[in-house]
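1. kindly generate the corresponding structure for this input.
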Amino acid sequence: MKIAVFGKRRQNAEDLPRIASLMKILSDRGIFVAVQRHFYEAMTRELGMPLEADDVFDADEFTADIAISIGGDGTFLRTARWVGPKEIPIIGFNTGHLGFLAEESLSEAPVIVDNLIAGKFFIEPRSLLEVKASGQNLRQSISGWAYALNEAAILRHDSASMITVHTFLDDIEIASYQGDGLIISTPTGSTAYNLSVGGPIIQPTAPCWALSPIAPHALTMRPLVVSDSHIITIRVDSRADTYRVNLDGRQLILPIDVTLHIRRAPFVVKVIHMDGHTFVDTLSSKLLWGISKR
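-> Residues are numbered from 1 along each chain as shown. Below is the predicted model of the structure:
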């Protein structure tokens with residue numbers, strides 16, 4: 001088995017020995033371990049000794065059976081950028097904050113690694129958004145990655161004025177959202193930015209998107225769930241000459257005359273869960289879902 005390891009470069013001091021322990025566990029189990037160079041160099045510097053690894057790689061120059069992400073959900077999203085097109089399954093160890101995607105604990109590393117070797121896990125496919133723009137090469141503009149696992153957010157650039165987001169579903173206009181912007185969220189992203197603006201929580205494998213307005217000017221503008229089989233077209237009006245597009249936190253400023261086309265990506269991100277895990281377990285542990293304080 002070959003495992004590729006990714007991680008955030010700044011880790012909490014208490015997590016450093018656990019990360020070193022995870023790498024030793026992988027090596028002791030006879031697993032070939034390849035580590036992304038930025039993470040390897042940062043951990044070697046922080047630990048004061050080389051991180052245990054069989055190979056160090058740059059960018060997407062790697063192959064693996066499984067990818068490990070060490071950090072929070074932001075690190076998991078960055079890992080998905082490198083791993084997604086290869087459709088290598090990803091498991092996330094959480095050293096960040098809430099951790100909807102990076103849900104495993106480093107303290108459970110011995111058991112989790114043994115489960116990976118024994119095949120005691122299941123893979124959950126997660127859909128992505130693919131964003132294209134008229135007259136713009138988004139792949140060059142947004143770090144070579146015009147996809148989003150969480151959301152595409154259409155936002156005003158000038159903080160003093162609202163924008164109008166004309167939204168079409170297969171060329172049929174469904175709404176013109178006036179306000180601070182619009183979030184087009186995948187089911188995976190439904191518990192992220194989408195949730196903070198009052199959008200719905202969606203089961204991760206549901207074939208749909210949520211369209212959630214940000215600070216809408218009209219009370220009648222509510223979140224809408226649509227099938228992900230459609231193409232969403234976005235045209236923006238604003239007093240400013242530009243607007244912002246955020247794909248999983250990566251920002252791009254576009255001229256007001258640029259039209260966006262959003263569709264389901266032709267590949268999925270494969271998320272590893274341990275056997276017995278359910279989406280309800282995640283909601284209960286992360287959001288205290290259904291727990292009464294009375």
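2. low-confidence ranges in the stretch 1-150 of the chain?
-> Residues of the stretch 1-150 of the chain meeting the criterion pLDDT under 70: 135-145.
3. ignoring the adjacent residues along the chain, who's closest to the spatially most central residue of the chain?
-> By Cα atoms, centre = their mean, the chain has its centre lying nearest to Leu77, at 3.5 Å. The spatially closest residue to Leu77, leaving aside those adjacent along the chain, is Asp248, at 4.9 Å (Cβ to Cβ, 6 or more residues apart in numbering). For the C-beta atoms, the positions are set from N, CA and C on the backbone; glycine is no exception.
4. surely that neighbour meets Ala146?
-> No. At 11.0 Å, Asp248 and Ala146 do not qualify as touching, with contact defined as Cβ atoms under 8 Å.
5. that older thread, output the contacting helices and strands for whichever strand or helix holds the residue nearest to the centre of the chain.
-> Counting by DSSP states H and E, the element that carries Leu77 is helix 73-83. Packing partners of helix 73-83 (3 or more Cβ pairs under 8 Å, 6 or more residues apart in numbering; DSSP states H and E): strand 2-7, strand 66-71, strand 90-94.
6. ok, now with 6 Å
-> Counting by 3 or more Cβ pairs under 6 Å, 6 or more residues apart in numbering; DSSP states H and E, the packing neighbours recorded for helix 73-83 are strand 66-71, strand 90-94.
7. kindly export it (C-alpha atoms) in CSV.
-> Extracted C-alpha coordinates of helix 73-83, given in CSV (Å, rounded to 0.1, in the frame of the first residue of the first chain):
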residue,chain,number,x,y,z
ASP,A,73,-11.3,21.3,6.8
GLY,A,74,-9.3,23.9,5.0
THR,A,75,-6.4,21.5,4.7
PHE,A,76,-8.8,18.8,3.5
LEU,A,77,-10.1,21.1,0.8
ARG,A,78,-6.5,21.9,-0.4
THR,A,79,-5.7,18.2,-0.4
ALA,A,80,-8.8,17.6,-2.5
ARG,A,81,-7.3,20.0,-5.1
TRP,A,82,-4.3,17.7,-5.6
VAL,A,83,-6.1,14.4,-5.1
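8. strands of the stretch 1-150 of the chain, start to end?
-> For the stretch 1-150 of the chain, the strands defined by DSSP state E, counting those that start in this stretch occupy 2-7, 32-36, 55-57, 66-71, 90-94, 121-126, 129-133, 147-148.
9. and the first one, what's buried?
-> For strand 2-7, a neighbour-count test (16 or more other Cβ atoms under 10 Å) marks Ile3, Ala4, Val5, Phe6, Gly7 as buried.
10. what's the separation between Tyr177 and Asp237?
-> 11 Å (Cβ to Cβ, to the nearest Å).
11. ok, Phe122 next?
-> Phe122 sits at a distance of 45 Å from Asp237 (criterion: Cβ to Cβ).
12. surely Ala210 meets Val225?
-> Yes. Contact criterion Cβ atoms under 6 Å: Ala210 and Val225 qualify, at 5.4 Å.
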